[in-house]
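**Q** Provided below are the primary sequence and the corresponding predicted coordinates.
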Amino acid sequence: MAFEYIGTAFMTALQPFNLLVMFLSTLVGLVMGVLPGLSATMAIALLTGLTYNFPTQTAIISLLAIYVGSISGGCQSAILLNIPGTPASAATALDGHPMAIQGKGGLAIFLATTCSCIGTLLSVVFVMTLTPLLTSLALKFTSWEFFLLSIFGILICGTITAQAEPIKGWISGILGLIVAMVGLDTVDTIARFSYGNVNLMSGIQLIPVMIGLFGFPEIVRVFKRNLDEEITKASKFEVKKGFSLIGKRIGTVIRSACIGVGVGIIPGVGEDTAGWLSYWSTKSLAPKEEKDTFGKGNPHGVIAVETGNNACIGGAIIPVLSLAVPGSAPAAVLLAAFLMHGYRPGPLLMTESPEFLYNVCIYLALASFSMWLIALLLSKATVRILGVNKKYLMPIVYVLCVIGSYLINYNLFDVKVMFVFGLLGVVLTSMKFPPAPFLLGVILGPMLDSNLRRALKLSNGSFAPLFTRPICIFFLILIVFMILAQLGVFKFLKGKRIAD
Amino acid sequence: MESKTKEMVFSFALIITGIYVAIEGYRIYLRAASAPYFITDFSVSPGFIPVILGIALLLFSVLYLFSCLKAEGKSRGEVLKMRWSEFAAWMKANSRNKDIAFTIGAVIIMGIYTFVLMEVLSFWAASMIFLAALFFYLRSGKWWKNLIVAVVGVIAIVIVFQYCFNAALP
C-alpha cells in the first residue's frame, strides 16, 4: 500500500503545473531566505493565505517547497554578506564568510546547498519511519493526555525559544491560549470574549495572527534600520572538490542529520538550534589540530550546519503529522496551512488519510532537489537580490500580508486582526518575548480547552484520572520538573544544602 | 531607558490583563450557569479555562515583575521607585525622539490603509495610494521612481492574484 501511495505522490508532484509551482515556490522561498529580515516562518505564513485558492495537493507542494527554499536560502547571505538570511543559517556565517573572503565563496555555497539537500533527504527517511511509530503511540492518548501534551508543548517551546528567561516564553504561550479562547466555545457554543461582535464570535483566525506576529515586526524594523553591508562576490563552485569534501565527511553529514531531526521533533525548537548544535558537535569531535581552524573558514563547519538545519525540517514535521504539535515555528505555520487545506494531522492521520504522510515525504524530497538546482543557479544573482532597496520591498510585502490575511475568509476584519496582532508582535519582539509560543498557544488552545472539558465531563468533574493514568503521570512529572528547574528551585535547594 | 524598566511597565500591563481575563472568565461561568444553558459545574463550564489562564498569566507576570525588580543592595520598594522615575524620564526624552516618531508615522500610514482606505476604496486604488504615500514618507527613491514602483507593483499583484490565482481581491 505504501508503494502505491508513493507512486501516486510522485505522479501528482510531476504533473507539469505542480512541477512549475514547486520550482516557483522554491525560488520564492530561496529569495525570501536570501534576504535578511524575511524569515522562513514569514515566507510560509505569507504564502499560506495566497495558496488558499490552489488545489489541495498543489498548495501542499508549494508550502513545502517554500519551507525548504527559505531555510536553505539563508546560507547565501550568511556566506557572501556575513548576515544570515534566516536565523537557521546564523552558524553558517562562522566558517562560510571567512571562506568567501579567502576567495572560496563559490565552494562554500556549493557545500551549503548540497548539504542542505542531503539534510532534507535524510530527514525524509526519518519522517517516513518515525511518523507511523509516533502515531501508533499517540493512539493510546485520551483527552487527558492531549490536554497535558498541549501544556507540555507550549512550556517546552517557551523554555527553549526564550532561552535565558523561560518565563517570557511561558507568558507568550499563555497569551496565545487566551487569544484562542475568543469566539464560540467548541463544547457548548457559548460566546467568550466576543462582546457581541459577530466577527469575534467566529474566533480569531490563525493565519492573520501568524502573519501579524511574524511579518509585521520585520516590516516595521526596516523603517528604522539602515543596512550598510559589504557583499563578497561568489567565486566558482568547484563541484568536484565539493563532492569530495562531503564524501570524506559523510560521518559529519549523518551525525548532523540525526541532530537536526532530533532537535526538530522537540516542540517549538527551530532550525537555528539544530544548526548551532550540529556545528558544536562537529567542532567538539574534531581532532585537536583541526579545532583551531573552525571559525576561520573550515568547510566542515558549513557542512555540519547546513545538514543539521535542513534535517530539522523533516524532524519538525514528524510531530506535526503524528501529534498535531509543531516542532518549530515554521512547522507551526505549516500545521495551520494543513488544517486550512482540509487535513487533520494527529493520531488519526494514518487512519483517515494515510496517503498524506507519503505525499509530504515525496514533495519534501522533490522540493530539496528543486532547491539544490535553483539555489546554485540563483547564487549568481544573489549579489543583485541582496542589493534590493528594502524601503521599496517592505511596503509591497505589507500589501501581500494584507492579501494573505484577506483571502482566508474574504473578510476585511481579518486584515484588521493582522494589523492589531502585528502591533502586538512589535511590542513582544521589542520586549524580547518569543512569538513562537504565542502562535503555538493559538494553535493548541482549542485542543487544550475541548480535551480538558470533555475529560472532566466524562469523569464527572474529577481530576483523579490525571494522577492515575501512566502517560499522564509521565507528562505531569516532565511539566513539574521543567517549571521547577527553569524557576531555579533545584539550584536554590542545592545551594541551601551546600550552605547547611 | 534601561530595558528592565520597560519590562517592569510591561509586566504591570500583563498583570492587569491576567486579572481582566480571570474576571471575564468568571462572568462567562455566571452566564453559562443561568438560562438557557444551566451549566452550574464550574470545571466543565466554558469559563473554567479562561479563569485558569487569567490566574496563570497573573502568577507568571508577578514572577516576571519580581525578576525586573532585582537589584543588588536595594530593596524591591527602592527599585520600584527608581524604575518609575527612569520610566518618566524615558517618556520625556522619547517624546522628542525623531527615529521613534518616524516609525510611528509609517505605522500610522499602514493603519490608515488597513482601516480606512481598504474600507472605502477598491483594492488597487487603496494599495496604489498606500504604496506611493509610504514610498514618499520613507524617501525610498526619486518621486517618479516611487510612483512607477507603486503603480507597477499594484498592477503586478492584481494580475498575479486576480487573474493567475483567480482570487477575488477586495
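**A** That came through, no problem.
**Q** May I have the residues that are in contact with residue 51?
**A** Since no chain was named, I'll use chain A. A:58, A:59, A:62, A:63, A:337, A:341 (C-beta atoms under 8 Å, 6 or more residues apart in numbering or on different chains). All C-beta atoms are positioned from the backbone trio N, CA, C, and that covers glycine.
**Q** Chain B was what I was after
**A** Contacts of residue B:51 (C-beta under 8 Å, 6+ apart): B:21, B:22, B:25, B:26, B:29.
**Q** if I've got this straight, the last one is in a helix?
**A** The one in question is residue B:29. Yes: assigned with DSSP: H, G, I helix; E, B strand; the rest coil, residue B:29 falls within a helix.
**Q** just checking, it touches residue B:45?
**A** Yes: the criterion here is C-beta atoms under 8 Å, and residue B:29 meets it with residue B:45 at 4.5 Å.
**Q** Could you check which of the two is surrounded by more residues?
**A** For the pair residue B:29 and residue B:45, the greater number of neighbours falls to residue B:45 (27 against 21), based on other C-beta atoms under 10 Å in any protein chain shown.
**Q** Next one: that one, what pLDDT does it get?
**A** Turning to residue B:45, the model gives it a pLDDT of 90.
**Q** do the same with residue A:235
**A** 65.
**Q** what do you get for the one 4 residues further on?
**A** The predicted local distance difference test score for residue A:239 is 79.
**Q** need the contact list for it.
**A** Contacts of residue A:239 (C-beta under 8 Å, 6+ apart): residue A:110.
**Q** and the gap between it and residue A:286?
**A** Distance of residue A:239 to residue A:286, computed by C-beta to C-beta, to the nearest Å: 25 Å.
**Q** what does residue A:299 give?
**A** For residue A:299 relative to residue A:286 (C-beta to C-beta), the value is 12 Å.
**Q** So for the two, which residue has more residues nearby?
**A** residue A:299 (24 against 18).
**Q** The closest residue to residue B:74 other than its chain neighbours: neighbour count?
**A** Closest residue in space to residue B:74, ignoring its immediate chain neighbours: residue B:82 at 7.4 Å, by C-beta to C-beta, 6 or more residues apart in numbering or on different chains. Residues near residue B:82, counting by other C-beta under 10 Å, number 16.
**Q** Quick check: residue B:82 vs chain A, distance?
**A** Distance, residue B:82 to chain A, by C-beta to the nearest C-beta, to the nearest Å: 20 Å.
**Q** now whichever strand or helix holds that residue, how far from the chain's geometric center?
**A** Assigned by DSSP states H and E, residue B:82 belongs to helix B:76-94. Centroid separation for helix B:76-94 versus its chain: 23 Å, with C-alpha atoms, centre = their mean, to the nearest Å.
**Q** average model confidence for it?
**A** Here the average pLDDT along helix B:76-94 is 74.
**Q** what comes up buried for that helix?
**A** B:79, B:82, B:83, B:86, B:87, B:90 (16 or more other C-beta atoms under 10 Å in any protein chain shown).
**Q** What pLDDT does the model give residue A:317?
**A** 90.
**Q** and it, how many neighbours does it have?
**A** 33.
**Q** Pull up the gap between it and residue A:360, please.
**A** 6 Å.
**Q** Helix or strand next in line after the helix or strand bottoming out on mean pLDDT in chain B, which one?
**A** Ranked by mean pLDDT, DSSP states H and E, the weakest helix or strand in chain B is helix B:76-94, scoring a mean of 74. Downstream of helix B:76-94, the first helix or strand assigned by DSSP H and E is helix B:98-112.
**Q** Please point out which parts of the next helix-or-strand element following that next one sit buried.
**A** Per DSSP H and E, the first helix or strand lying C-terminal to helix B:98-112 is helix B:118-120. Across helix B:118-120, burial judged by 16+ other C-beta under 10 Å covers residue B:118.
**Q** Over helix B:118-120, what's the mean pLDDT, rounded is fine.
**A** pLDDT averaged over helix B:118-120 gives 93.
**Q** hmm, it touching chain A?
**A** Yes: if you take C-beta under 8 Å from any C-beta of the partner chain as the test, helix B:118-120 does meet chain A, through B:118, B:119.
**Q** residues making contact with that helix?
**A** So helix B:118-120 is in contact with A:402, A:412, A:415, B:126, B:170, going by C-beta under 8 Å, 6+ apart.
**Q** quick one: it to chain centroid distance?
**A** With C-alpha atoms, centre = their mean, you get 21 Å for helix B:118-120.
**Q** one step back: now tabulate the buried residues of helix B:76-94 in CSV and tack on distance to residue A:1.
**A** Listed next are the buried residues of helix B:76-94 as CSV, based on distance: C-beta to C-beta, whole Å:
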residue, distance to residue A:1
B:79, 65
B:82, 68
B:83, 64
B:86, 66
B:87, 64
B:90, 64
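**Q** Farthest pair within those residues?
**A** Using C-beta to C-beta, the buried residues of helix B:76-94 span at most 15.8 Å, a distance reached by B:79 and B:90.
**Q** Quick check: the residue of the stretch 1-150 of chain A nearest chain B.
**A** Per C-beta to the nearest C-beta, residue A:53 is where the stretch 1-150 of chain A lies closest to chain B, at 5.1 Å.
**Q** in what helix or strand does residue 10 lie?
**A** The chain I'm using is chain A. Counting by DSSP H and E, residue A:10 is part of helix A:2-13.
**Q** ah, I was thinking of chain B
**A** Using DSSP H and E, residue B:10 falls in helix B:3-33.
**Q** And the next helix or strand past that helix?
**A** helix B:48-68.
**Q** Now do the same for that next one: mean pLDDT, whole number.
**A** Mean predicted confidence for helix B:48-68 is 92.
**Q** Domain-wise, how is chain B divided?
**A** B:3-96, B:99-164 (automatic domain parsing).
**Q** Quick one: closest of those to residue A:213.
**A** domain B:99-164 (15.4 Å).
**Q** just how off-centre is that closest one within its chain?
**A** The answer for domain B:99-164 is 21 Å, by C-alpha atoms, centre = their mean.
**Q** Check stretch A:55-67 too.
**A** 15 Å.
**Q** Report the contact partners of residue A:443.
**A** A:176, A:180, A:206, A:326, A:332, A:335, A:336.
**Q** Give me the phi and psi for residue A:194.
**A** Main-chain torsions, residue A:194, degrees, to the nearest 10: phi -110, psi -20.
**Q** Pull the number of nearby residues for it.
**A** 16.
**Q** Would you agree it is in contact with residue A:201?
**A** Yes: Residue A:194 is within contact range of residue A:201, at 4.6 Å (criterion: C-beta under 8 Å).
**Q** and for the two, which residues touch both?
**A** The contact lists of residue A:194 and residue A:201 share A:183, A:184, where a contact means C-beta under 8 Å, 6+ apart.
**Q** So the residue of the stretch 1-150 of chain A closest to chain B lies in a strand, does it not?
**A** No: Residue A:53: not assigned to a strand; according to three-state DSSP it is coil.
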